[in-house]
Each structure stands twice: as structure tokens, then as C-alpha cells.
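[1] okay, predicted coordinates and the sequence, questions at the end:
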Amino acid sequence: MASASYRAELTCSVCQDIFTDPVSLTCGHSFCRECVTGSPGQRACPCCQAVYAANLTTNLTLKKLADTAKEDKNKASSWMCAEHEEKLKLFCETDQQLVCVICRDGEEHNGHKFKPIKEAAQMRKQGLEDTMQLLIGKKRTTEDLIKTQEGEKTKLKQKTQQLKVQISCQFDEMQQFLKRRQKEIQEELEQKNKEALKEMEVNLERLKTHLSEGRERENWMRSEGEVSEPEAFLKGWTEKMTEQPSRAAKMTLVPGSLSFSPYSSHLQFLVWKEMLRCPTDSSWHQEIQI
């Protein structure tokens, strides 16, 4: 950080602020461009009254030093108490915020618990690491669930196809009445298949969303854990950890099962019994539920 004397060398004698777009006159004095070109009339140095040319070139070396001094100044002011203009040296455990020693003794923080910022940051970094490890474990569990769910989805499609073939073979041996029942039962089976697949797709999206959120939070924790300055870490930690966490969806697995009993193994027998109960016009007395 630039010292007071160093900043004085980088201060324009006209505006009394750190140089902005500094220019050096032929006499050797330097000023902000705006301070020596902002008003019309004879161009003379504000310090020695030496006349200078209108075409002034930015002093790049001086500009770089001035920009650095401004950054140091802004950085220093960001860790100062806005109310008391004191350096923020403590962390209020009760209010979860950075405070200065004057804030600590004030009425607003009466009875509160405080820790030095380095100690408070170290404690939270350790907690951050523990939470990140927990998230990593949950991420692996979610990845395993997604992999298993994909397998169950494939198995369900295979089972559905097998049932279609079985139904087709059995109904091929029957006459027009049986063909109509074949179509009806297949439509019911297909509907069940669509419903089961839809439930699996919804669950997969839920699991993937949970995994994505976990990854984002993991990345944030890893990035935050690498912050070296305790003030910056606590500021980011306070802003993020005080946010209302979203409710993570319960991680479950939708099994690839399909209820088609009792038709899976006794289709011909059951339909034959239905035919015996039907009148000669092949109309049904009641609908059969799969």
C-alpha cells in the first residue's frame, strides 16, 4: 500500500487528488490533464507560470503509479468501518458481521460474542471444508443413482417390448374378438409404460438438478476456500451462507417395474374365461383392469 508521502508525490496540486490522466509540462511540473486544459486562455504552469504547448502527452509511468495508488486507497477503505472510520479487526459471532473495536463497545453489540477476524475466518474455512466433503459424498451418491436409474429405464423398455411380443403371439391364435382385446390391452400396457417412463424422466431431472446444484455449491466453496484475505473471505461467506438455502429434493430411485399381472403368465386362460362369459355378439359385460 502506498505511504502518505508516496501518495503526496502522486497528488495533483490543483485538484488536491491523486492524478487522473497525468501530463507533464515542459517545466517539469505534472498535473491532471483536466486541471491544466479545462479552461481557455494562455496556457501557463499553475506552479511556475511557464508557458507550455497545447498538445500534451499522457505521462504513462506517472499514470500507472497513480492508478496503483488509487487501487490501494480503495482497497484500504473497503476494510474500514463506515461509521467510525476504524479498521475492521473483529468478527461479531452474534450478528455474523465484521466490526471495529468501537462497534464492539457500542450499545448495538452489547453482550455479543467477538473473535479476531483471522480466528473467525479459520474456523469457518474448516467448516467450509467439512461441508464440501459432505457435498462431494452426496454428489457421488447422486451420480450412482442416476446411473442406476438409467439402467432401470433401459430394463423397463426391454420388459415392455417383451410383453408386446408375448401379447402379439397369443392374440395371433385368436379370431376377431381376440384381436380387438389384444389392441385394448396393448394400449393399456403402453399407457402404463408411458406413465412409468414419465415418472422416471421426472426423477432423473430432479436428480440431475440436485447434482448440478451440489456442483455449483461445491465450486463456490472451493473458490471461497482459496481466498487468502480473511476480510474478503468473511464478506463472501456472510453473503452466501446467510442466503435462504433451497430445499434439496429427496433423492429416490423409481424402480423399473411394470405391473401386468395376472396377464403376464395366464393371458390365454383368463381371456378364454372372458369369452365364455360373453354373449354371441362379443360385447363385454365388464372391462378388465390391468
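    Structure received. What you are looking at is a predicted structure, and each value in this text was computed from that prediction instead of being measured.

[2] OK, contacts around the nearest residue to Pro22 once chain neighbours are set aside?
    The shortest distance from Pro22 to any non-neighbouring residue, by C-beta to C-beta, 6 or more residues apart in numbering, is to Leu62 (4.4 Å). No exception for glycine: its C-beta is placed from N, CA and C like everyone else's. Contact analysis of Leu62 by C-beta atoms under 8 Å, 6 or more residues apart in numbering lists Leu10, Phe19, Pro22, Ser24, Ser30.

[3] please apply the same query to Cys32.
    Cys12, Val14, Cys15, Asp17, Phe19, Thr20, Asp21, Pro22, Val23.

[4] most widely separated two among those?
    Largest separation among these by C-beta to C-beta: Asp17 and Val23, giving 15.1 Å.

[5] who's more crowded, those two?
    Per other C-beta atoms under 10 Å, whichever of Asp17 and Val23 has more neighbours is Val23, with 21 against 13.

[6] where's the residue most central in space within the chain, which helix or strand?
    The geometric centre of the chain, computed from its C-alpha atoms, lies nearest to Glu216 (C-alpha atoms, centre = their mean), at 4.3 Å. In this structure, Glu216 sits in helix 176-225 according to DSSP states H and E.

[7] repeat for Lys164
    Assessed by DSSP H and E, Lys164 sits inside helix 117-171.

[8] confidence score at Trp284?
    At Trp284, the pLDDT value in this model is 40.

[9] quick one: pLDDT of Gln170?
    67.

[10] and if you look at Ala248?
    For Ala248, the pLDDT comes out at 49.

[11] equivalent analysis for Leu60, please.
    In this model, Leu60 carries a pLDDT of 90.

[12] ok, it - contacts?
    Leu60 is in contact with no residue at all, counting by C-beta under 8 Å, 6+ apart.

[13] and the one 3 residues further on, by the same measure?
    Shown in contact with Lys63 (C-beta under 8 Å, 6+ apart): Phe19, Asp21, Pro22.

[14] what of Leu276?
    Per C-beta under 8 Å, 6+ apart, neighbours of Leu276: none.

[15] and it, how far is that from Leu270?
    Distance check for Leu276 against Leu270: by C-beta to C-beta, to the nearest Å, it reads 11 Å.

[16] helices of the stretch 1-150 of the chain, start to end?
    4-9, 33-37, 60-78, 101-104, 117-171 (DSSP state H, counting those that start in this stretch).

[17] got a markdown table for those, with distance to Lys179 too?
    Converted to a markdown table, the helices of the stretch 1-150 of the chain look like this (distance: least, C-beta to C-beta, whole Å):
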| stretch | distance to Lys179 |
| --- | --- |
| helix 4-9 | 95 |
| helix 33-37 | 92 |
| helix 60-78 | 80 |
| helix 101-104 | 85 |
| helix 117-171 | 6 |
